[in-house]
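J.: Structure of the sequence below:
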Amino acid sequence: MLDLAPRWELDLERGPDWLFIKVRNLADHSMDAPLLAEQLWSHLQQHSVHRLLLELEGLTLLNSGLIGQLVMLHRRIDACGGMMRICGLSAYNMDVLHRCRLAERLHPYQDRQEAVLGFLSRKPR
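T.: The predicted structure follows:
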């Protein structure tokens, strides 16, 4: 487990060709994402992988600062020919992503298996 900042915690797991990172914010009132994209990018570089799966079950609120960090990281990974996927968003956070019209870009998945296989479930969320 890595502490990113006072409000963030990361659990890293290395898989074949993937880096799996569980992101949790520790304070429910957290409204910022301090350098999250840079920290995640650094971990990708350290592990020499260009496929990232962010597991966001422990995320309280998908706010504009965090969305900006995710978009920035997605662009950076995509520019290197890599892949970033997210999974485990709550129904509320999924709605936030859709309202921001970013679900098509960030492609949220139900769980790790679905994300790695690249299968978008047709089930209602």
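J.: can I get the CA coordinates of the lengthiest helix in the chain in CSV?
T.: In the chain, ranked by residue count with DSSP state H as the criterion, the top helix is helix 64-79. Written as CSV, here are the backbone C-alpha positions of helix 64-79 (Å, rounded to 0.1, in the frame of the first residue of the first chain):
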residue,chain,number,x,y,z
SER,A,64,-13.9,17.6,-11.5
GLY,A,65,-10.3,17.6,-10.2
LEU,A,66,-10.1,13.8,-10.3
ILE,A,67,-11.8,13.6,-13.7
GLY,A,68,-9.2,16.1,-15.0
GLN,A,69,-6.4,13.9,-13.6
LEU,A,70,-7.9,10.7,-15.2
VAL,A,71,-8.2,12.4,-18.6
MET,A,72,-4.7,13.8,-18.5
LEU,A,73,-3.3,10.3,-17.6
HIS,A,74,-5.4,8.6,-20.3
ARG,A,75,-4.0,11.0,-22.9
ARG,A,76,-0.5,10.4,-21.8
ILE,A,77,-0.8,6.6,-21.8
ASP,A,78,-2.6,6.7,-25.2
ALA,A,79,0.1,8.8,-26.7
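J.: Give me the residue at the spatial middle of the protein.
T.: Closest residue to the average C-alpha location of the chain: residue 54 at 3.3 Å, with C-alpha atoms, centre = their mean.
J.: Tell me which residues touch that one, please.
T.: With contact taken as C-beta atoms under 8 Å, 6 or more residues apart in numbering, residue 54 is in contact with 21, 23, 40, 70, 84, 85, 86, 87. Backbone N, C-alpha and C define where each C-beta goes, glycine included.
J.: I'd like the list of those residues that fall within strands, please.
T.: 21, 23, 84, 85, 86, 87 (DSSP state E).
J.: Among these, show me the least confident.
T.: Within those, pLDDT reaches its minimum at residue 23, with 85.
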